[in-house]
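Any chance you can model this:
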Amino acid sequence: MIAHPPYADIAVSLADRVATVEIRRPPDNYFDRALIAQLGEAFETFDRDEDCRALMLCAQGKNFCSGANFSADGRAQEGAAIIRQQQGGSTNLYKEAVRLFRFSKPVVAAVQGAAVGGGLGLAMVADFRVTCREGRFCANFTRLGTHPGFGLTVTLPRLIGTQATEMMFYTGDRISGDTAVAMGLADRLVPLAEVRSAAIALATKIAQSAPLAVKSTRATMRRGLADAVEAATDHEFVEQDWLFRTADFREGVRAMAARTLPDFKGI
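Below you'll find the predicted structure:
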């Protein structure tokens, strides 16, 4: 295994030609630019490692990834300001995220608990998702008063179709693990205790196929995806930037922190 730099929030390993990248920010595994940059570094290092033929992405704790933490220790508006700041600049969060989509080997995500907002976007990096009945998939952006991000405007309709994507975007509904599998949002449904082992088993089966043929086939199947995600995130950033300035966004963040129904005014 090629040596990795020290990571603050993830752990990496390699066994039987399957890399494991584990997010370690339990229980909710909120992401920020620093975490996505670490994932990007790990993915790129494993991409150069000929001993790695597939990768399993997982997370410690109750949830796979609850997205961005708009409530910084309960201070909702401060949390929102932090997220907005991280979106800007030449190394913004979405630029880091595109690195994950340029990984050339198959990825299997083990999704327990919530994959919400940008956390759903992170789950969509994977080729396959293994989940459980306790899994929850949610694109809650409009319920926060903002625009979908993390490339979901490309990856989600590609996976489940435009109509189902619009339903998720406009309602912010939470999709259970069994429903996710039924609609094609996830691929395998197993008991909660078996999510990670089932994801490893699937990644191992993929790794047993001819590696050059797998990479070639995957490149064909995902042709143009990373470029489309990059273009989408550029647009998503522009839309989020002005929506972050609205009263509706402030209300959405407040209501989320208070766990109440937001009262949006369209301003």
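
Now the nearest residue in space to Leu261 that is not next to it in sequence: phi and psi?
If you skip the residues right next to it in sequence, Leu261 has Ala255 as its closest partner in space, 6.5 Å away by C-beta to C-beta, 6 or more residues apart in numbering. (C-beta placed from N, C-alpha, C; glycine too.) Listed backbone geometry of Ala255 is phi -70, psi -40, with angles given as degrees, to the nearest 10.

burial measure for Ala255, as a count.
For Ala255, the count of nearby residues is 18 (other C-beta atoms under 10 Å).

How many residues are close by the closest residue to Leu144 other than its chain neighbours?
Closest residue in space to Leu144, ignoring its immediate chain neighbours: Gly252 at 3.9 Å, by C-beta to C-beta, 6+ apart. For Gly252, the tally of surrounding residues (other C-beta under 10 Å) stands at 26.

isn't Gly252 right up against Phe141?
No. Here Gly252 does not reach Phe141: they are 9.0 Å apart, not a contact under C-beta atoms under 8 Å.

And the contacts of stretch 145-161?
Counting contacts by C-beta atoms under 8 Å, 6 or more residues apart in numbering, the residues outside stretch 145-161 that touch it are 94, 97-98, 101, 117-118, 120-122, 124, 139, 141-142, 165, 168-169, 183-185, 225, 228-229, 232-233, 235-237, 239-240, 243-244, 246, 248-253, 262, 264.

let's see it at 6 Å
Outside of stretch 145-161, the residues that reach it under the criterion C-beta atoms under 6 Å, 6 or more residues apart in numbering are 97, 118, 121, 124, 139, 141, 165, 169, 183-185, 228-229, 232-233, 236, 239-240, 243, 248-249, 252.

try stretch 55-63
Taking contacts as C-beta under 6 Å, 6+ apart, the residues outside stretch 55-63 that touch it are 18-24, 26-29, 46, 107-110, 113-114, 126, 196, 199-200, 203.

Just the buried ones from the residues you listed?
If you count burial by 16 or more other C-beta atoms under 10 Å, the buried members of the contacts of stretch 55-63 come out as 18-23, 28-29, 46, 107-110, 113-114, 126, 196, 199-200, 203.

still on that earlier bit, buried ones among the contacts of stretch 145-161?
Buried positions within the contacts of stretch 145-161, assessed by neighbour count (16+ other C-beta under 10 Å), are 97, 118, 121, 124, 139, 141, 165, 169, 183, 185, 228-229, 232-233, 236, 240, 243, 248-249, 252.

any idea how far Gln208 lies from Val18?
Distance, Gln208 to Val18, using C-beta to C-beta, to the nearest Å: 10 Å.

With Leu120 instead?
Using C-beta to C-beta, one obtains 24 Å as the distance from Leu120 to Val18.

and if you look at Thr204?
Per C-beta to C-beta, Thr204 is found 5 Å from Val18.

Now do the contacts for Phe141.
So, once contact is read as C-beta under 6 Å, 6+ apart, Phe141 ends up touching Pro148.

one more time with 10 Å, if that's ok
Applying C-beta atoms under 10 Å, 6 or more residues apart in numbering, we find Phe141 in contact with 67, 116-118, 120-121, 147-150, 152, 168-170, 172, 236, 239-240, 243, 252.

what's the answer for Arg188, then?
Arg188 makes contacts with 108, 110-111, 128-132, 177, 181, 194-195, 198-199, 201-202, as judged by C-beta under 10 Å, 6+ apart.

Please identify the buried residues of the helix or strand containing Ala219?
The secondary structure element spanning Ala219 is helix 211-221 (assigned by DSSP states H and E). Applying a neighbour-count criterion of 16+ other C-beta under 10 Å, one finds 211, 214, 218 buried in helix 211-221.

Checking the residue at minimal distance from the centre of the chain next. Helix, strand or coil?
In the chain, the residue lying closest to the centroid (C-alpha atoms, centre = their mean) is Leu122, at 1.0 Å. The three-state assignment at Leu122 reads helix, by DSSP: H, G, I helix; E, B strand; the rest coil.

ok, now which ones touch it?
23, 29, 31, 35-36, 39, 57, 59, 64-65, 67, 97, 100, 109, 111, 115, 150-151.
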